[in-house]
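Engineer: 3D model of this:
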Amino acid sequence: MSIPTVLDRFPTPPCATLLNLDILEADHENGRVKIAFTAKPEFCNALGNVQGGFLTAMLDDCMGPAILVATNAQSFPSTINLNAQFLTPAKPGQIIGKGRVVKIGKTIGFVEAELEDANGSILARASASVRITAMPKLAA
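Structural biologist: Okay, the predicted model is just below:
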């Protein structure tokens, strides 16, 4: 169940479509987002667990929107460094991501995210440094 956000002003990137990204909550004041993803069986490794690269993409897709929501889409984050920790194997199905802005400066921002399964178990978390630039004009 998507909610209206500043992100509606921009086309959904194909990578977000692949992950079935769905914005559940967006808190402009606190720079927080809650996002649902669908981990498909095609995302799994030989053991049947979601491969870490897909989980990292989900984490990144929580942190970037947190910056966009916090800045009312006036600033665009480009990841400089992303550190991910994988805590519990993830299975296909719904994964809930939570992203939050830690701090935004003039040119650098700091963000965090975590992913949970349907039972609320934390699957992975990440922190990142991002370069902050003015939002470019995107073609519709």
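Engineer: so the nearest residue to residue 6 once chain neighbours are set aside, which of the three states?
Structural biologist: Spatial nearest neighbour of residue 6, excluding adjacent residues (Cβ to Cβ, 6 or more residues apart in numbering): residue 73 at 4.1 Å. Every residue, glycine included, has its C-beta placed from N, CA and C. For residue 73, the assignment made with DSSP: H, G, I helix; E, B strand; the rest coil gives coil.
Engineer: give the buried residues for the least confident helix or strand in the chain by mean pLDDT.
Structural biologist: Ranked by mean pLDDT, DSSP states H and E, the weakest helix or strand in the chain is helix 14-18, scoring a mean of 92. When burial is assessed from 16 or more other Cβ atoms under 10 Å, helix 14-18 yields the following buried residues: residue 16.
Engineer: now the element after that helix, going C-ward?
Structural biologist: strand 22-27 (DSSP states H and E).
Engineer: CA atoms only for that next one, dumped as PDB, please.
Structural biologist: Listed in PDB are the C-alpha atoms of strand 22-27, where the atom choice follows Å, rounded to 0.1, in the frame of the first residue of the first chain:
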ATOM      1  CA  ASP A  22       6.600   0.100  -1.900                       C
ATOM      2  CA  ILE A  23       6.800   3.200   0.400                       C
ATOM      3  CA  LEU A  24       4.800   2.500   3.600                       C
ATOM      4  CA  GLU A  25       5.700   5.500   5.700                       C
ATOM      5  CA  ALA A  26       7.600   8.700   5.100                       C
ATOM      6  CA  ASP A  27       8.500  11.100   8.000                       C
END
